[in-house]
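Novice: Structure, please.
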Amino acid sequence: MITISDGLSIKDDEIQITAIRAQGAGGQNVNKVSSAVHLRFDIRTSSLPEAIKRQIIRCRDRRITKNGVLVIKAREHRTFEKNRAAALLRLVHLIRSTSVPVKKRRPTRPTRGSVKRRMDSKSRRAKLKVRRRKINL
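Specialist: This is a model prediction of the structure:
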């Protein structure tokens with residue numbers, strides 16, 4: 001059981017973890033040991049609340065497939081255990097970040113003083129440019 005926050009958790013059987021061979025530098029160890037991790041989490045069939053499922057799918061992360069499966073690849077560490085922990089941490093971070101309610105924007109208007117200052121600076125700049133022009137005699 002992976003705990004995300006108070007009252008929100010994911011069962012271990014909802015997450016599929018596969019060991020694969022890592023890419024890049026590492027010499028012989030990379031070629032013979034499957035230490036990288038592919039974590040697959042099906043959002044639509046998970047036990048998360050429907051509101052959080054919708055928010056995760058709506059966040060348009062490139063790691064989410066069209067079928068609603070989240071695929072996280074972890075290969076920055078040399079051991080399978082560390083890569084597994086890193087992948088699970090990324091999953092928890094993604095769910096936590098999307099479960100926070102989005103603050104609704106309140107439309108505001110600039111104050112009269114800020115509009116006056118902006119217009120004054122624009123007119124000052126225009127006068128400066130006029131003074132730089134060639135003089136026609």
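Novice: going forward, measure contacts between C-alpha atoms and count neighbours the same way
Specialist: Noted.
Novice: which SS state does residue 119 fall under?
Specialist: Assigned by DSSP: H, G, I helix; E, B strand; the rest coil, the conformation of residue 119 is helix.
Novice: how near is it to residue 111?
Specialist: 13 Å (C-alpha to C-alpha, to the nearest Å).
Novice: got it, and residue 18?
Specialist: 57 Å.
Novice: So those two - more neighbours on which side?
Specialist: residue 18 (15 against 8; other C-alpha atoms under 10 Å).
Novice: how about the more buried one, what does it touch?
Specialist: 37-39 (C-alpha atoms under 8 Å, 6 or more residues apart in numbering).
Novice: Give the next helix or strand downstream of the helix-or-strand element of the chain with minimal mean pLDDT.
Specialist: Lowest by mean pLDDT, DSSP states H and E among the helices and strands of the chain is helix 28-32, with a mean of 68. Going down the chain from helix 28-32, the next helix or strand is strand 36-42, by DSSP states H and E.
Novice: who touches the next helix or strand after that next one?
Specialist: Note on strand 36-42: by DSSP H and E, the next helix or strand toward the C-terminus is helix 50-58. Helix 50-58 has contacts (C-alpha under 8 Å, 6+ apart) with 43-44, 64, 68, 94-95, 98-99.
Novice: ok so, going back, looking at neighbours, which among the contacts of residue 18 is most surrounded?
Specialist: Going by other C-alpha under 10 Å, residue 37 tops the contacts of residue 18 with 27 neighbours.
Novice: And it, how close does it get to residue 89?
Specialist: For residue 37, the distance to residue 89 - C-alpha to C-alpha - is 13 Å.
Novice: re earlier: make TSV out of the contacts of helix 50-58 and add neighbour count, distance to residue 81 and pLDDT.
Specialist: Shown next, in TSV, are those (neighbours: other C-alpha atoms under 10 Å; distance: C-alpha to C-alpha, whole Å; pLDDT from 0 to 100):
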residue	neighbour count	distance to residue 81	pLDDT
43	21	24	84
44	15	27	84
64	20	23	84
68	16	26	82
94	15	20	87
95	18	21	85
98	17	26	82
99	18	27	77
